[in-house]
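Student: okay, predicted coordinates and the sequence, questions at the end:
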Amino acid sequence: MNNKQQLFTLSPYMEFSRKQWAALRDSEPLTLTEQEIINLKGINEDLSLDEVSQVYLPLSRLLNFYIDSNLQNQAVLEKFLGIKNQRVPYIISVAGSVAVGKSTSARVLQALLSRWSTHRRVELVTTDGFLHPNHILRERDMMQKKGFPQSYDIQNLVRFVSDIKSGVPRVEAPVYSHLTYDILPGETQIIEQPDILILEGLNVLQSGMDYPQSPHRVFVSDFVDFSIYVDAKEELLHQWYVNRFLKFRKGAFSDPDSYFHSYAQLSEEEAVNIANNIWLEINGKNLIQNIQPTRERASLILTKGDNHAVEKVRLRK
Ligand SMILES: Nc1ncnc2c1ncn2[C@@H]1O[C@H](COP(=O)(O)OP(=O)(O)O)[C@@H](O)[C@H]1O
Ligand SMILES: CC(C)(COP(=O)(O)O)[C@@H](O)C(=O)NCCC(=O)O
């Protein structure tokens with residue numbers, strides 16, 4: 001099926017094979033400097049440059065078109081309201097399972113969007129900063145529910161995105177540490193009117209239906225201009241989760257401050273058992289109950305196969 005025929009199928013999405021999507025890079029050459037390649041490799045040493053040029057470069061080209069058009073709309077609104085030079089960040093959200101590569105994709109997009117000729121300032125915030133601290137999760141017997149809707153201070157997250165979109169000059173976000181496995185007390189990330197904010201987290205496409213405990217009708221997605229869902233089969237996600245856990249075991253877990261420090265001494269087999277358990281009891285369940293059902297709310301779905309290679313792209317019509 002060619003691109004034109006796809007427009008007439010019933011799905012709300014246009015679907016592209018990797019090859020069709022890569023061709024949409026159009027005349028944009030992959031003119032990364034040596035330093036930029038080093039920086040991208042610093043984001044993730046396993047990231048292939050083919051992935052950058054064939055998947056993320058066309059995506060950043062599309063996003064730049066949308067952002068240009070959004071700026072024109074803002075100018076129209078300013079003219080109508082009789083105001084000038086409002087600085088309202090364009091918000092892109094990145095959703096998907098734990099271990100699908102949200103953080104890697106978000107950081108690659110951040111690098112590509114800031115290098116475009118306009119040199120936009122791009123900030124990245126992860127929603128884990130809005131988790132309740134462990135002492136509250138323990139009090140509520142929710143340590144096994146980290147990442148589930150009830151584990152987030154959702155009101156604070158919605159207020160944060162609303163402030164950003166209202167043009168508040170300085171907005172603070174709390175910070176989560178994967179090392180201490182907890183919110184860092186007193187630490188904040190300060191966001192000062194960037195051109196673009198990328199908001200990454202497994203909950204960014206969730207809505208009121210997913211938060212029956214919250215009386216709020218306004219949700220994160222009400223402030224997001226473009227939403228991305230990174231998708232993969234559960235067996236791959238499970239495998240990627242275990243692999244990352246084993247990588248941490250060799251690195252971060254050996255730090256005495258690490259929540260999982262005691263796991264650094266375990267045999268590989270024991271560590272695999274623990275990671276399997278965390279996947280089956282927490283992250284896998286959260287995926288099926290709360291994350292995957294939000295997939296079709298996204299503006300764009302990236303479907304990954306083996307080795308994190310994106311095989312299919314779906315873009316809302
Ligand atoms: N494009 C990619 N190519 C190769 N490995 C990747 C890619 N994206 C993610 N990974 C690997 O998959 C694991 C999960 O990625 P991460 O970005 O931490 O996921 P998330 O933020 O969704 O939890 C990590 O081990 C990471 O190195
Ligand atoms: C912190 C997370 C909930 C992810 O949060 P997000 O940044 O997507 O809001 C997740 O990485 C996590 O720690 N899950 C709990 C189970 C585990 O230890 O993997």
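Tutor: That came through fine. Ligands and ions are numbered 1, 2, ... in the order given.
Student: switch to C-alpha atoms for all contacts and neighbour counts from now on
Tutor: Will do.
Student: so what touches stretch 296-306?
Tutor: For stretch 296-306, contacts defined as Cα atoms under 8 Å, 6 or more residues apart in numbering pick out 205, 226-233, 236, 295, 310-316.
Student: show me where this protein has helices.
Tutor: Using DSSP state H, the helices of the chain run over 3-6, 18-23, 34-43, 49-51, 57-81, 102-115, 134-139, 154-165, 234-250, 268-278, 284-286.
Student: buried ones in the second one?
Tutor: In this case it means helix 18-23. 18, 21, 22 (16 or more other Cα atoms under 10 Å).
Student: check the second one and give its pLDDT.
Tutor: In this case it means residue 21. pLDDT recorded at residue 21 is 95.
Student: and it, how far from residue 139?
Tutor: Distance, residue 21 to residue 139, using Cα to Cα, to the nearest Å: 48 Å.
Student: ok, and the closest non-adjacent residue to residue 317?
Tutor: Excluding the flanking residues, the one nearest residue 317 by Cα to Cα, 6 or more residues apart in numbering is residue 13, at 5.3 Å.
Student: correct me, but the one you found touches residue 295?
Tutor: No: with contact defined as Cα atoms under 8 Å, residue 13 does not reach residue 295; the gap is 12.0 Å.
Student: for the stretch 51-200 of the chain, what lies in contact range of ligand 1?
Tutor: 97, 98, 99, 100, 101, 102, 103, 104 (Cα under 6 Å from any ligand atom).
Student: tell me the contacts of the last one?
Tutor: Taking Cα under 8 Å, 6+ apart as the definition of contact, the neighbours of residue 104 are 43, 44.
Student: that one and ligand 2, how far apart?
Tutor: 12 Å (Cα to the nearest ligand atom, to the nearest Å).
Student: which strands or helices does the strand ranked longest in the chain pack on?
Tutor: Using DSSP state E, we find that the single longest strand of the chain is strand 182-191. Strand 182-191 sits against strand 171-177, with contacts defined as 3 or more Cα pairs under 8 Å, 6 or more residues apart in numbering; DSSP states H and E.
Student: partner strands of the strand it packs on and their direction?
Tutor: Applying DSSP bridges, strand 171-177 is found paired with strand 182-191 (antiparallel).
Student: mean confidence for stretch 237-247?
Tutor: Taken as a whole, stretch 237-247 has a mean pLDDT of 96.
Student: in it, what counts as buried?
Tutor: By neighbour count with 16+ other Cα under 10 Å, stretch 237-247 contains the buried residues 237, 238, 240, 241, 242, 245, 246.
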